[in-house]
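Enquirer: give me the fold of what follows.
(chains A, B, C and D)
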2 protein chains.
Amino acid sequence: MHCYHHPHPAVTTDIAVFSIFENQLNILLIQRANEPFKHHWALPGGFVDMDEDLNEGAARELHEETKLSHLYLEQLYTFGAPQRDPRERVITVAYYALAASSDVSHAQAGSDAVKTTWFPVSSLPTLAFDHKNIIDAALERIISKIRYSTIALQLLPQQFTLHELQNLYEIILNENLDKRNFRKRILALDCIVENGEQRRDGQHRPAKLYVAKNPDKIDFIKLI
Amino acid sequence: MHCYHHPHPAVTTDIAVFSIFENQLNILLIQRANEPFKHHWALPGGFVDMDEDLNEGAARELHEETKLSHLYLEQLYTFGAPQRDPRERVITVAYYALAASSDVSHAQAGSDAVKTTWFPVSSLPTLAFDHKNIIDAALERIISKIRYSTIALQLLPQQFTLHELQNLYEIILNENLDKRNFRKRILALDCIVENGEQRRDGQHRPAKLYVAKNPDKIDFIKLI
DNA sequence: CCAAAAGTGTTCACCGTACACCCATGA
DNA sequence: TCATGGGTGTACGGTGAACACTTTTGG
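Expert: Residues are numbered from 1 along each chain as shown, chains lettered A, B, ... in the order given. Model prediction:
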């Protein structure tokens, strides 16, 4: 029973989950089992429950469909073109999430047994609904935000080398960075510290490992 | 008849309209005529129609309730805490809008005869629902965006003096700016031009008038 | 000792900032 | 001529960008 005498649209959340591995930025998609867009790829997401906040709903849907949890999750934009779903009016509150490469293997098909797969953002399949627009908006946000915040650290495992961090920036910004300047700047920002350990990896000098000072906090900085 | 077998929340848009006059940043509020929050002040807004896009809905509601139109309008954030409306679940897609001081007098009570009034953001009345949160988010967005875009020009009439523009920045950023540096930078950005006219205003040298080069386009810049 | 990646400083150009005086007008 | 706000240029310091060699390890 609705107190307001207006038609009510359906409201969903959709989540664009990104992770970096194989030297590429990748996004997690699920294959739809039903019409419309049966067999097409789509963002994980679903209906908002009546007693949960939007962020909670996005986190819940993400976990149900991909088994991923505790990711950095941020509201992106709300998409509500009248015909974006062919069946009825559906307004979707889009989110993006960032997963460390160490989380990638944990992503798996969720309860409704749909297939989940990582795709490089540079070669996406045809997407259901307006999900291509959502991904484009998410990419724009990430590219812009990596320059003036510490969200990049959300894409790395708990400990990482400076080379891995620089590599992440180079992949997202799609440009080469000077090693010495990059290290100087990132250390001057005082958001990461050595943890004393090293990574031995091949027949060369081992790399120092670093950790985020405030792993769960996004600081606003000016890096590049 | 809903194709999806899930409960559907109500969806509204709310619009925080800002304008600068009397040396202050002001926001347009309406006084509610009905419960809940009867007589409280609230943002203009209302239900999204089933056949209109969210931006259209926001522009329509704004015009219906305040008679303002053709303002710069940008989606801000979507608020959906389960109990934000005491009657039923209402998810609101919040927008902010910028009005030139020349538009201020055009704002008037709309069709439903509610009272509309401008309030300085520094002394707001008690607000209905979670509208204080929406205003805070809008202020944060504007303060951040004025530094790296040309949105400030949306708050000025078609022609304006450099002093007026600087004043606007000082009010929004709440800091004093150096006159010579401000002029140097804003002119270097090449987003405004003299239109040859002058404003005579008191017994002193008249000020040159400027106009935006692309009045309807928001450019991304680094001003301050 | 050789290959491979890790790690490290300095120089220079440009930009942002600080700062004070003359100009045009109306009364 | 005076009061009022409008308009203008320069000098300095700090930051961002360019740039190449040494170190450590495993084979």
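Enquirer: give me the domain ranges for chain A.
Expert: Per automatic domain parsing, the domain ranges recorded for chain A read A:10-145, A:151-212.
Enquirer: and the last one, anywhere near DNA strand C?
Expert: It stands for domain A:151-212. Yes. Between domain A:151-212 and DNA strand C, judged by CB under 7 Å from any atom of the strand, the touching residues are A:161-163, A:179-181, A:183-184, A:202-208. Quick note: C-beta positions are derived from backbone N, CA and C, even for glycine.
Enquirer: mark which of those residues are buried, thanks.
Expert: Neighbour counting with 16 or more other CB atoms under 10 Å in any protein chain shown marks A:161-162, A:207 as buried within the residues of domain A:151-212 next to DNA strand C.
Enquirer: which ones among those residues are found in strands?
Expert: Under the assignment DSSP state E, those contribute A:Ala207 to strands.
Enquirer: just send the buried ones among the residues of domain A:151-212 next to DNA strand C back as JSON lines, with pLDDT and distance to DNA strand D too.
Expert: Formatted as JSON lines, those follow (pLDDT from 0 to 100; distance: CB to the nearest atom of the strand, whole Å):
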{"residue": "A:Thr161", "pLDDT": "98", "distance to DNA strand D": "14"}
{"residue": "A:Leu162", "pLDDT": "98", "distance to DNA strand D": "13"}
{"residue": "A:Ala207", "pLDDT": "98", "distance to DNA strand D": "10"}
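Enquirer: between the buried ones among the residues of domain A:151-212 next to DNA strand C, which is nearest A:Ser149?
Expert: Within those, proximity to A:Ser149 (CB to CB) peaks at A:Leu162, which comes in at 18.4 Å.
Enquirer: OK, contacts around that closest one?
Expert: The contact partners of A:Leu162, taken as CB atoms under 8 Å, 6 or more residues apart in numbering or on different chains, are A:182-183, A:186, A:207-208, A:210.
Enquirer: and which of those residues is nearest B:Leu127?
Expert: Relative to B:Leu127, the closest of these is A:Ile186; by CB to CB it sits at 41.8 Å.
Enquirer: confirm that the closest one sits in a helix.
Expert: Yes. The assignment for A:Ile186, made by DSSP: H, G, I helix; E, B strand; the rest coil, places it in a helix.
Enquirer: what number of residues lie near it?
Expert: 21 (other CB atoms under 10 Å in any protein chain shown).
Enquirer: then the longest strand along chain A to PDB, C-alphas only?
Expert: With DSSP E setting the assignment, residue counts place strand A:10-21 as the longest strand in chain A. Listed in PDB are the C-alpha atoms of strand A:10-21, where the atom choice follows Å, rounded to 0.1, in the frame of the first residue of the first chain:
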ATOM      1  CA  ALA A  10      11.500  -0.300  -9.700                       C
ATOM      2  CA  VAL A  11      14.900   0.600  -8.100                       C
ATOM      3  CA  THR A  12      18.000  -1.400  -8.400                       C
ATOM      4  CA  THR A  13      21.700  -1.000  -7.800                       C
ATOM      5  CA  ASP A  14      24.400  -2.000 -10.300                       C
ATOM      6  CA  ILE A  15      28.000  -2.400  -9.400                       C
ATOM      7  CA  ALA A  16      31.000  -2.000 -11.600                       C
ATOM      8  CA  VAL A  17      33.900  -3.900  -9.900                       C
ATOM      9  CA  PHE A  18      37.400  -3.200 -11.100                       C
ATOM     10  CA  SER A  19      40.600  -5.000 -10.500                       C
ATOM     11  CA  ILE A  20      44.100  -4.800 -12.000                       C
ATOM     12  CA  PHE A  21      45.900  -8.000 -13.100                       C
END
